[in-house]
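**Student:** 3D, please:
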Amino acid sequence: MDHWQPAPVYLPPMNIGTRLFTWLHGREIGQDADGNRYFEEKRARPGGRSRRWVAYVGEAEASKVPAEWHSWLHYTTDAPLPSLGRKLWEKPHLPNLTGTPAGYRPPGHDYEGGKRAAASSDYESWTPGS
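**Tutor:** Have a look, this model is predicted:
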């Protein structure tokens, strides 16, 4: 016998404090193409601004926020910029890979062998007494 069940409500990973604050005080403003959800506090704080925050899908990585939402999060615009879609020449977004095995390592980096190619006027270190 098949029983109908409602679709589970997807809540992005956040700690219990943020989830509770979002539930009590947050108002969802929108969602980006990656599924990240953006919230604003229901009531403005003394001084006129209400808090704004993002609930990430997956790992919380600030470089995942697209430009149209970045400007809204940082109070540059009052509403998120319209997403105009990608142009043919635009590359897909890549997260910041610094500190990961996929991060850039220049020639001469210890993990890349520790030796760099010699330059025409290569550096010669000074040794005391020479």
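**Student:** flag the helix or strand of this protein with the lowest per-element mean pLDDT.
**Tutor:** helix 16-25 (a mean of 84; mean pLDDT, DSSP states H and E).
**Student:** which helices and strands sit right next to that helix?
**Tutor:** The helices and strands touching helix 16-25, judged by 3 or more Cβ pairs under 8 Å, 6 or more residues apart in numbering; DSSP states H and E, are strand 52-55. Glycine gets a C-beta too; all of them are placed from N, C-alpha and C.
**Student:** cutoff 10 Å now
**Tutor:** Contact here means 3 or more Cβ pairs under 10 Å, 6 or more residues apart in numbering; DSSP states H and E; on that basis helix 16-25 packs against strand 26-31, strand 37-41, strand 52-55.
**Student:** any chance of those in CSV, with mean pLDDT and mean neighbour count too?
**Tutor:** CSV is the format used below for the helices and strands packed on helix 16-25 (pLDDT from 0 to 100; neighbours: other Cβ atoms under 10 Å):
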stretch, mean pLDDT, mean neighbour count
strand 26-31, 91, 15
strand 37-41, 92, 19
strand 52-55, 90, 18
